[in-house]
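**Student:** fold the stuff below for me.
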Amino acid sequence: MGCSLLHCLIALPLLASFTQLAAAKSRHVLDHRTHTYHKGEEVVLYANKIGPFHNPSETYQYYTLPFCLPKDGKQYVTEDLGEVLEGDRLVNTPYSLKFLEDVENQVLCSKKLDAKDLQKLRKAIAQDYYFQMFFDDDLPVWGFVGKIEPRKGPDGKQELHYYLFTHFHFDIAFNGNQVVELNVSTTAGADPKKTRDITSGDSADVEFSYSVSWRPTTVLFDDRMDRYTRFSFLPQHLEIHWFSIINSCVTVLLLTGFLTTILLRVLKNDFMKYTHDDEKGEQEDETGWKYLHGDVFRFPHNINLFSAMVGAGTQILVIALCVFGLALVGTFYPYNRGAMLSACVVLYALTAGISGYVSGVWYKMMGGRQWVSNVLLVSVLFCGPLLAVFSVLNTIAWVQGSTQALPFGTICIIIIIWALVTFPLTVLGGIAGKNSKEEFNAPCRTTKFPREVPPLPWYREAPAQMVMAGFLPFSAIYIELYYIFATIWGHKLFTIYSILFIVFLILIVVTAFITVALTYFQLAAEDHRWWWRSFLCGGSTALFILGYCFFYYHYRLVQTEAEYLH
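**Tutor:** All right, here's what the predicted structure looks like:
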C-alpha cells in the first residue's frame, strides 16, 4: 500500500505539469484558429486596469475614473484563477474597432465632469496613471491618462497644469486576416490639440474621441508576442545575465576547490592520526569529530517541527522544478495572463502528498509517535503564514478598492481546493510515510546521555555561521534577483528562464557545499548539534533575499519615484 501511494503521489505533479503544458498548447492552437477576421468584423477591445506607473502592484478597475461607458453597460469577462490572482479585471469598452476599417475622429462620448470627477483625474495625472487594455483577447496595450506641464502664471511663476488626454489613436498592424500588433498614442500620432486643461474649475464638459488606422506587416501571427520580449530586456541586459553566470561559476569553482582542498587535507590528517593511534593501541583522549561518535547521530529537539520543515521544503523544491520545466518548454509565453500563478496553485495542491510523505518518513525514522500533530503541522507550515500575510494585504487592498484584492468567491475556491485536494493528499502522504519501511541505521551507537558542548567563540555560533552560509549563495544570484524584482514591481518581462534555471542550480550547489563544510567545522569543534544548524545555514540565504527586497524597494522604487515627481 505504501509503495502504491508513493507512486500516485509522484505521478500527481507530473500529471499537473503535463496538463498545464497541454492547456497552453491547446490554447495556442485555438488562438491561431479563432483569431481570424473578415473585413468589417468587430475586434473586441477590453479594458483591464489603471494605476500609478511607478507602482504596478497598485491597480484599480478601469472605470474607477470617469471614462466613457459602453451603451449596453459594463460587462466583465469571466477570468480564470490565475488571472484573478494577478489582479486582472477585463471589462468591455465603447470603442468600435472593425477589421481593416480606418476611423478618423470618431466621437466616443461627451461627459460633464463634476468636482469629484475632476479631483480623481487630477490625482491620477499627478501620480502618472496609466491604463492597460487587451486587444484581440491577448494583445496588451498601454497608455497614459494625462500629463503635467509647467506653465508661467500671470505673476511670472511656474505653475503645474493638468492636461487630460481626450483622444486616442489606435495603430493596428495585420498579416492576412489576423491581428499582429497594436499601438495606442495620446499625443504623438493623435491630435495634440485634443488635450483638455483641467487644472482649475469645479466642472467641465469633455468630449472623448478616437481614431483607428490599419497597416499591413510581414510579422507572423505566431511571432506577435516576440516584440514584448525584445523590448523587455535589451541585448546588453542579456550580456549582463551571461556575465553573472560566468562570475557565479568561477566563484563556485574557486569555492569548491578551496574548501575541497581544506577538507581533504584535514580529513586525511585526521584519518592518518586516528589510524596510527589505533594500530599502536594507545588509549589517548579523542579529539575533534571522532570525539562525537556517540552523539553525532543523536536526533535533534522538536523532531515534529524539523521533519515538517524538511517535508514542506521538499514540496517547494519539487514545485520549483516543475515550474522551471513548464517554463523551459515555452508554457509561460509573454502575457499569458495568470498562467504561472495557476500552475503554482495547481502544483502546490497536487504535490501536497510529497510533503506529507517526506515529513512522515523522517518523523518515523526519528522515533515520532504523534502522527496526527505531524500531519496537521506540515499541512499548515507553509500555507498558515501565507494565509496570515495574505489576510493583511488583501484587507488593505480591499479597503483601497484595488484589483489586487481577491473577491470572496475566489477565496472560497482556494479554501475548497485546500480542503478537498491539498489536505487529503497530505494525509495520504503521511500515511504512506508512516507505513514505509525506511529505517535510520546509524553506523555507530548513540550514547544515552549527550556530551556537554564546550564553550565556542562567537564566530562559531549559529548567527555568525548563518551569515557566512547565506552570503555566498546570495552573491551568486543577486543580479538575477534584480531582474526578477524589476518584473514583480516593475514593467519588465522576465522570459530568460534557461538562464534563471542555471542560476537556480548554482544556488543549490553552493548552498549544499557551504552547508556541508560548515557542518564539518562545527563537528570538529566538538559541537554535535548539527541538525538544526545545517538546516538554518542552508536556508539563511532567504534572509539576504528578504533584506534585498527592502533595499530594492527603498533605493530602486521609492527614490526613483521621488526623482520622477520632482
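
**Student:** residue nearest the centroid of this protein?
**Tutor:** I488 (6.8 Å; Cα atoms, centre = their mean).

**Student:** name the nearest residue to it, ignoring sequence neighbours.
**Tutor:** Excluding the flanking residues, the one nearest I488 by Cβ to Cβ, 6 or more residues apart in numbering is S57, at 7.9 Å. The C-beta positions use only the backbone N, C-alpha and C, and glycine is treated the same way.

**Student:** which residues touch the one you found?
**Tutor:** When contacts are counted by Cβ atoms under 8 Å, 6 or more residues apart in numbering, S57 touches Q404, I488, W489.

**Student:** likewise R529?
**Tutor:** Contacts of R529 by Cβ under 8 Å, 6+ apart are P300, V453, Q522.

**Student:** redo those as CSV? Include pLDDT, neighbour count and secondary structure.
**Tutor:** Shown next, in CSV, are these (pLDDT from 0 to 100; neighbours: other Cβ atoms under 10 Å; DSSP: H, G, I helix; E, B strand; the rest coil):
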residue, pLDDT, neighbour count, secondary structure
P300, 89, 16, coil
V453, 79, 13, coil
Q522, 85, 22, helix
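
**Student:** nearest to L85, of those residues?
**Tutor:** Distance to L85 across the contacts of R529 (Cβ to Cβ) is lowest for P300, with 36.8 Å.

**Student:** check which helix or strand the closest residue to that closest one other than its chain neighbours maps to.
**Tutor:** Among residues not flanking P300 along the chain, W531 sits closest, at 3.6 Å (Cβ to Cβ, 6+ apart). Element membership of W531, judged by DSSP states H and E, is helix 530-539.

**Student:** I'd like the average pLDDT over the next helix or strand after that helix.
**Tutor:** Moving toward the C-terminus from helix 530-539, the next helix or strand (DSSP H and E) is helix 541-552. Throughout helix 541-552, pLDDT has a mean value of 91.

**Student:** any idea how far helix 541-552 is from the chain center?
**Tutor:** Taking Cα atoms, centre = their mean, to the nearest Å, one finds the center of helix 541-552 at 14 Å from the center of the full chain.

**Student:** that helix versus helix 530-539: what angle between them?
**Tutor:** Counting by axes from the mean of the first three to the mean of the last three Cα atoms, to 10 degrees, helix 541-552 lies at 30 degrees to helix 530-539.

**Student:** tell me which strands and helices helix 541-552 is in contact with?
**Tutor:** If you count contacts as 3 or more Cβ pairs under 8 Å, 6 or more residues apart in numbering; DSSP states H and E, helix 541-552 packs onto helix 462-488.

**Student:** count the residues that sit near Y548.
**Tutor:** Number of residues near Y548 (other Cβ atoms under 10 Å) recorded here: 16.

**Student:** for it, give me its contacts.
**Tutor:** F474, Y478, L481, F485.

**Student:** and with 10 Å instead?
**Tutor:** F474, I477, Y478, L481, Y482, F485 (Cβ atoms under 10 Å, 6 or more residues apart in numbering).

**Student:** do you know how far the nearest residue to T422 once chain neighbours are set aside is from C383?
**Tutor:** In this structure, T422 finds its nearest non-sequential neighbour in A352, 4.3 Å apart by Cβ to Cβ, 6+ apart. For A352, the distance to C383 equals 9 Å [Cβ to Cβ, to the nearest Å].

**Student:** which one of these two has more residues nearby?
**Tutor:** Each of A352 and C383 has its neighbours counted (other Cβ under 10 Å); A352 has more, 30 against 17.

**Student:** any idea of the pLDDT on that one?
**Tutor:** Looking at A352, its pLDDT is 93.

**Student:** E101 in helix, strand or coil?
**Tutor:** Using DSSP: H, G, I helix; E, B strand; the rest coil, the structure places E101 in coil.

**Student:** tell me, what's the model's pLDDT at L428?
**Tutor:** On the pLDDT scale, L428 gets 94.

**Student:** thinking again about what came up before, now do the shared contacts for A352 and C383.
**Tutor:** Shared contacts of A352 and C383, counting by Cβ under 10 Å, 6+ apart, come down to A312, W418, T422, F423.

**Student:** rebuild the residues you listed as a markdown table, extending it with distance to I431 and neighbour count.
**Tutor:** What follows is these, written out as a markdown table (distance: Cβ to Cβ, whole Å; neighbours: other Cβ atoms under 10 Å):
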| residue | distance to I431 | neighbour count |
| --- | --- | --- |
| A312 | 18 | 23 |
| W418 | 19 | 20 |
| T422 | 15 | 22 |
| F423 | 13 | 19 |
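
**Student:** Throw these into CSV and include distance to D197, thanks.
**Tutor:** Below are the shared contacts of A352 and C383 laid out as CSV (distance: Cβ to Cβ, whole Å):
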residue, distance to D197
A312, 57
W418, 53
T422, 55
F423, 59
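
**Student:** what sits against the residue nearest to T422?
**Tutor:** 9, 12-13, 311-312, 315, 378-379, 382-383, 418, 421-429.

**Student:** how about a cut-off of 8 Å?
**Tutor:** Taking Cβ under 8 Å, 6+ apart as the test, what A352 contacts is Q315, S379, V421, T422, F423, L425, T426, G429.

**Student:** can you turn the buried part of those residues into a ChimeraX selection?
**Tutor:** Buried subset of these, written as a ChimeraX selection, criterion 16 or more other Cβ atoms under 10 Å:
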select :315,379,421,422,423,425,426,429
